[in-house]
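**Q** I would like the atomic coordinates for the input below:
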Amino acid sequence: MPIEFTHVPGKTHPADSTVPFFYDFAETATKLSLIEDIGFQKIVVDDPAGLLTNMDIAARALDRTSSLEVVLTHWAGVIEPTVAARQLAGLDAKSGGRLSLRMLSEPLSDDDAEARPVGHTLVWQRIDEYLVLLKRLWSNDRPFDHEGAFYSVKGGYVPRKGPHGADMTIRMGGQSGTALRVAGRHADVFELAPGSLGEIRQLMERVRSAAAEHGRAGKLRFALPVRIRSEDNASCQKALEIAGPPAQVALSLVPYAALGIQEFMLVGIDRPREIAMAGREVIALLRNALTRREADVPQPGAFASRAIREARAG
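**A** Residues are numbered from 1 along each chain as shown. Presented below is the predicted three-dimensional model:
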């Protein structure tokens, strides 16, 4: 069971807790090297300054690393699909295919609101149309026209495709039926909401069901955000915040891996010593624990059942 780890930067800074992770890129470059070397496979770019800043940061992060996948947080409606498709394909090509797209929802802009009512369903309909256009622009061999509910494209064409074409990894999340229908159509990685084992298992089943409607149930991977807190603040824990020594943190994640989660998105480890500890201890311990358990329980499904029983007993 291969497990991947993604670093999700916060805003922790020795002098100012409101300073974003990517504020001082000279300092960030040192952290990126550590993150890449210590056992993480991905890093999320989600700067409070917004999409255009995210794209600039992603380009710099890709330049400063050699194997780390950069997960670019993106929103529909900020720039036109044809512009976004060209820029994203260029970044992906320059990095050798190390870019993935993390699509988040947000309310329609005030300008959009003047033309149509704002609502959850409309937000996801726009995301759906936006992703359809991106994939078409990344794969078409001739210009095309498109007239949809949210976008109008004339002669849409991206001459320089990325190495993956329309198969660039798309990451999505959500819990409503509308969000899951769109994710089921487009997502390669589904980012789950933190919760109990039962809640997460139920959400995974709903996502697989939505993907099955498009023949994609077996193509989805699941990622789970996990916030690691210092042991001093263990009494203040919230849903799926984990505090304790590295071995305890690692073992706490085993039952979630047993559900079929293939990626943990670690939050709250922004200082170099925290990053090093997570890599040398938490990541290594979890991988070793999973390897041992799988070797001890070769029957299909038995590993998951035992891990879940142990978690409930604990």
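
**Q** Now do the buried residues in the helix or strand hosting residue 202.
**A** Here residue 202 sits within helix 197-212, counting by DSSP states H and E. For helix 197-212, the neighbour count (16 or more other CB atoms under 10 Å) marks 200-201, 203-204, 207-208, 210-211 as buried. Where C-beta positions appear, they are placed from N, C-alpha and C, glycine not excepted.

**Q** From those residues, pick the one nearest residue 148.
**A** Taking CB to CB as the measure, residue 148 sits nearest to residue 210 out of the buried residues of helix 197-212, at 21.7 Å.

**Q** ok, now which ones touch the closest residue to the closest one other than its chain neighbours?
**A** Computed as CB to CB, 6 or more residues apart in numbering, the closest residue to residue 210 that is not its neighbour in sequence is residue 184, at 3.0 Å. Residues in contact with residue 184, defined by CB atoms under 8 Å, 6 or more residues apart in numbering, are 207, 209-214, 216.

**Q** if we can go back for a sec, chain center to the helix holding residue 202: distance?
**A** 17 Å (CA atoms, centre = their mean, to the nearest Å).

**Q** Next, the residues that contact that helix from outside, please.
**A** For helix 197-212, contacts defined as CB under 8 Å, 6+ apart pick out 175, 180-181, 183-185, 187, 190, 192-193, 195, 217, 219-220, 222, 224, 255-256, 259-261, 308, 311-312.

**Q** again, only using 6 Å
**A** Residues outside helix 197-212 that contact it (CB atoms under 6 Å, 6 or more residues apart in numbering) are 180-181, 184, 190, 192, 217, 220, 222, 255, 259.

**Q** For the stretch 151-300 of the chain, which segments count as strands?
**A** For the stretch 151-300 of the chain, strands defined by DSSP state E, counting those that start in this stretch occupy the ranges 152-156, 170-172, 189-191, 221-229, 241-243, 263-267.

**Q** among those, which gets the worst mean confidence?
**A** Ranked by mean pLDDT, the strands of the stretch 151-300 of the chain bottom out at strand 241-243, with a mean of 87.

**Q** Could you list the buried residues of that strand?
**A** 241-243.

**Q** Please apply the same query to stretch 247-267.
**A** 249-259, 261, 263-267.

**Q** give the contact list for the spatially closest residue to residue 226 that is not a sequence neighbour.
**A** Nearest residue to residue 226, sequence neighbours excluded (CB to CB, 6+ apart): residue 264, at 5.3 Å. Listed by CB under 6 Å, 6+ apart, the contact partners of residue 264 are 5, 224, 226.

**Q** next one: phi and psi at residue 50?
**A** Residue 50 adopts backbone torsions of phi 110, psi -170, taken as degrees, to the nearest 10.

**Q** Now do it: how many residues are near it, please.
**A** 12 (other CB atoms under 10 Å).

**Q** repeat for residue 119
**A** That count, for residue 119 with other CB under 10 Å as the rule, works out to 12.

**Q** pLDDT score assigned to it?
**A** At residue 119, pLDDT is 83.

**Q** Likewise for residue 21?
**A** Predicted confidence (pLDDT) for residue 21: 81.

**Q** hang on, it packs against residue 8?
**A** No. Judged on CB atoms under 6 Å, residue 21 makes no contact with residue 8 at a distance of 9.2 Å.

**Q** ok, residue 254 to residue 62 distance?
**A** 33 Å (CB to CB, to the nearest Å).

**Q** and what of residue 34?
**A** For residue 34, the distance to residue 62 - CB to CB - is 17 Å.

**Q** Which one of these two is surrounded by more residues?
**A** residue 62 (22 against 16).

**Q** Look up phi and psi at that one.
**A** Taking degrees, to the nearest 10 as the convention, residue 62 sits at phi -70, psi -40.

**Q** Count the residues that sit near the closest residue in space to it that isn't next to it in sequence.
**A** Nearest residue to residue 62 in three dimensions, chain neighbours excluded: residue 95, at 4.0 Å (CB to CB, 6+ apart). Burial measure for residue 95: 21 neighbouring residues, criterion other CB under 10 Å.
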